[in-house]
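**Student:** Sequence and predicted structure are below.
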Amino acid sequence: GIAEQLARQLSVTHVGYLARTHPTISSNLPNSVWEASVKATGAAERSRLLFVASLAGDAKKLRLLCSSPVEATTIDYRDRASGKSCVWAAAEGGHLAAVRLLADEGASFKSNRCQPYGRTPLWAAAAMGHTSVVCE
């Protein structure tokens, strides 16, 4: 439709901007737009895109992002506004497939230094009632 045509015309800069300002919108962009962004972006923008895909629980986009070499600093990226890591966002949202994929890529399940009392991504999943993530 029209939205897809418009999305295909977005530049990598626009996708990065959407990822920073409107994660829900950017997670709904077609995979072709994400593919172009992944190929053309640096580690910083790729990290942000990884966080947005984790937040949305979009395993398909996460696989796409992880298909290019992912550094530990990228996989453990923390959102500046919330302090949440990619795996924290996926676990808190109950996105089991995304949590598995991030774990396979080496994401850290250690406590989030931005959260009090040593809370972990699995704690966040449990607190939100996502037992499938915790029991897996």
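**Tutor:** Looks like it came in fine. Numbering: from 1, shown residues only.
**Student:** Identify the single longest helix in this protein, thanks.
**Tutor:** helix 43-56 (DSSP state H).
**Student:** mind listing what's buried in it?
**Tutor:** For helix 43-56, a neighbour-count test (16 or more other C-beta atoms under 10 Å) marks 45-56 as buried. (Each C-beta comes from the backbone N, C-alpha and C, glycine too.)
**Student:** So, low pLDDT: which residues of this protein?
**Tutor:** 1-42, 68-73, 111-116, 136 (pLDDT under 70).
**Student:** Which residue ranges of it form helices?
**Tutor:** Using DSSP H, helices in the chain cover 2-9, 12-21, 23-27, 31-40, 43-56, 59-67, 72-75, 86-92, 96-104, 121-127, 131-135.
**Student:** which strands and helices sit next to the longest helix of the chain?
**Tutor:** Applying 3 or more C-beta pairs under 8 Å, 6 or more residues apart in numbering; DSSP states H and E, one finds that helix 43-56 contacts helix 12-21, helix 23-27, helix 31-40, helix 59-67, helix 72-75, helix 86-92, helix 96-104.
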